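Q: Attaching a predicted model along with its sequence, questions to come.
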Number of protein chains: 2
Amino acid sequence: MAVLVLGHMNPDTDSIIAAIGVADLMTKRGVAAKAVAQGAPTPESTFVLEKFGLTAPEVVSSVAGQKVILVDTTERAQLPADLGDAEILGVVDHHKLGDVTTPNPLEMWVWPVGCTGTVIKAMYDFYGIEVPKGIAGGLLCAILSDTVMFKSVTCTPQDKKAVEELAKIAGVADVMALGMDMFKVKSAVEGASMKDLVFRDYKDFDMNGNKVGIGQLEVVDLSILEPVKAGLYEEITRVKGEGRHSVFLLLTDIMKEGSEMLIVSDDPSKVEAAFGVKPEGTSVWLDGVMSRKKQVVPNFEKAFKG
Amino acid sequence: MAVLVLGHMNPDTDSIIAAIGVADLMTKRGVAAKAVAQGAPTPESTFVLEKFGLTAPEVVSSVAGQKVILVDTTERAQLPADLGDAEILGVVDHHKLGDVTTPNPLEMWVWPVGCTGTVIKAMYDFYGIEVPKGIAGGLLCAILSDTVMFKSVTCTPQDKKAVEELAKIAGVADVMALGMDMFKVKSAVEGASMKDLVFRDYKDFDMNGNKVGIGQLEVVDLSILEPVKAGLYEEITRVKGEGRHSVFLLLTDIMKEGSEMLIVSDDPSKVEAAFGVKPEGTSVWLDGVMSRKKQVVPNFEKAFKG
């Protein structure tokens, strides 16, 4: 039975491509493995999969009785409810260490870099295994996506170096042009329901006992989201009503390099406590804030602790 | 302020040497780091430190306000109580994933091998940094100690390969002779109090909400422990009385390759549930059981869950 390689709920491009990459790497190391995902690929991920001839991972919601390798998360809230009935063999990630625990020793590759793809490139090198051309293209796009084309504060020199090396393998001549094509796909809102948009890149966190949801939409120009903003607010209000303390939705302008955050919360003062900026009504502009992982989550965690 | 590199309570040779190795490696990677420990070295560790000209890490009990790298554990019960007020930059380990979490991304090197020393050797290689001669000797001894000279079920081909390479760097011609010298030191009980012996290699675990202590003494011949067995039993009874559900003490005969386990428990039936062997009175012989990590802890975790 193949080991399942699995990323977080509402999979983004990194989560999808990381599962494909790690499954390939493990299989070549002699452990038959298969990429799966907790949902269908986003339009951005579909663009990347098609561009590089990769297959979307099978969608699963249960992992009971399986052996699994986690990619791009160690948060139980972002993993199947029956994860406790699976055996976790490994983790490849670039986030904070979450609340997953294991009864057995495991293999963990976790680095403080901009993208799981960067860690996977290093694993291929470490084990002396060639990165297949299509996977190289996928990893490259995952890094461009997670680092917002190197603009995010999470971007490290390792990410840039990995992209440079992967571009050669994938035969991508103009990395930034590919990145812009990808972000234009990501920016599109036509045809998507409000629910699709809110959950396109959404994660729940446990903050000092409170369930807090944080979503993010990245666009090349905020004006793209003007027509849907009211609908998005209505949708996160509904999501909060399912038993959450707060739901925050980041509308990130990757060219202006900042985010407008929509706020529904039992205690909106947490926003000022976290960012030192007073919201106007139900939203606030956070200049320079582009990374949920490095700028938004840690600040909220401090605010919820205090 | 130097980053503190810190292992678990009741430090064993791996925990002490891993702290020294990772501090050296981090410093050479440009992050000033210092090895510390939550206690003085055992006689075995002192033998290793002296043999290879290494300095015992400074003893600390608090890490509040410090930046830390954890070695050889991710269990909060085995770390300073104020760890939550420190910033965890990294983890190097070979155990199951424990309950430590972080608010920020970090660097983790965790492999399912016999010893943290094996992971550290790979890190030196990965970063292209030479292992200093003394540290090579220390890492080599840590691996021999943790794998009980390659006899433990935890021992992997990577551990053996690391020892082979480290022996060359350290100039150790007869690895097994060095191992026997080290285990003879470890076997000695003269001059040690019962408390010293119980806590020489002791760890607390949270098992399904129950605090469970498991200690281990490894000797080259169980008869060495006959004169102190009654005293050891009295001591673990006292330790259990401090609010633990159970305390188990493994008396491991590394030549016979098995362990006698002394048992003090609110529910001694957990022992039979875990190992399928009925204790006679307050102890049980577990044939082939030498590894707390891979054979004892997972079995008890299942038994406490069921």
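A: Noted; the coordinates are in hand. This one's a predicted model, so the numbers in the text were calculated from it and none came from an experiment.

Q: which residues of the stretch 201-306 of chain A fall in helices?
A: Listed in chain order, the helices of the stretch 201-306 of chain A (DSSP state H, counting those that start in this stretch) span residues A:229-240, A:269-275, A:297-305.

Q: Any idea which of the ones you listed gets closest to chain B?
A: Minimum separation from chain B across those (CB to the nearest CB) falls at helix A:297-305, 4.8 Å. (Each C-beta comes from the backbone N, C-alpha and C, glycine too.)

Q: touching chain B at all, the closest one?
A: Yes. If you take CB under 8 Å from any CB of the partner chain as the test, helix A:297-305 does meet chain B, through A:297-298, A:301-302.

Q: hang on, the earlier thing: in TSV, list the helices of the stretch 201-306 of chain A along with mean neighbour count.
A: Supplementary listing: these in TSV, determined by neighbours: other CB atoms under 10 Å in any protein chain shown:
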stretch	mean neighbour count
helix A:229-240	17
helix A:269-275	18
helix A:297-305	18
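
Q: got the ones you listed as JSON lines, with distance to B:I20 and mean pLDDT columns?
A: Conversion of the helices of the stretch 201-306 of chain A to JSON lines gives the following (distance: least, CB to CB, whole Å; pLDDT from 0 to 100):
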{"stretch": "helix A:229-240", "distance to B:I20": "50", "mean pLDDT": "97"}
{"stretch": "helix A:269-275", "distance to B:I20": "39", "mean pLDDT": "96"}
{"stretch": "helix A:297-305", "distance to B:I20": "31", "mean pLDDT": "94"}
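
Q: Those helices into TSV, with extra columns for distance to A:W111?
A: Output for those, formatted as TSV (distance: least, CB to CB, whole Å):
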stretch	distance to A:W111
helix A:229-240	32
helix A:269-275	26
helix A:297-305	17
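
Q: Which among the ones you listed is found nearest to A:T282?
A: Within the helices of the stretch 201-306 of chain A, the stretch nearest A:T282 is helix A:229-240; the backing value is 6.4 Å (CB to CB).

Q: Pull the distance from that closest one to the chain's centre.
A: Taking CA atoms, centre = their mean, to the nearest Å, the mean C-alpha location of helix A:229-240 is offset from the chain mean by 21 Å.

Q: Mind listing what's buried along the helix or strand where A:M180 lies?
A: Using DSSP states H and E, A:M180 sits within helix A:175-187. Neighbour-count burial for helix A:175-187, counted by 16 or more other CB atoms under 10 Å in any protein chain shown, picks out A:175, A:178-179, A:182-183, A:185-187.

Q: where's A:P103 relative to B:Y202, distance?
A: Taken as CB to CB, to the nearest Å, the spacing of A:P103 relative to B:Y202 amounts to 20 Å.

Q: show me the biggest strand of chain A in terms of residues.
A: Under DSSP state E, the strand in chain A containing the largest number of residues is strand A:210-219.

Q: Tell me if it is near chain B.
A: No. Under the criterion of CB under 8 Å from any CB, chain B is not reached by strand A:210-219; the shortest gap measures 13.4 Å.

Q: Provide the strand pairings for that strand, with the direction of each partner.
A: In its sheet, strand A:210-219 lies beside strand A:202-207 (antiparallel), strand A:246-253 (parallel), with partners assigned from DSSP bridges.

Q: who does the helix holding A:M180 touch, helix- and strand-wise?
A: Where contact means 3 or more CB pairs under 8 Å, 6 or more residues apart in numbering or on different chains; DSSP states H and E, helix A:175-187 is packed against helix A:43-51, helix A:133-146, strand A:210-219.
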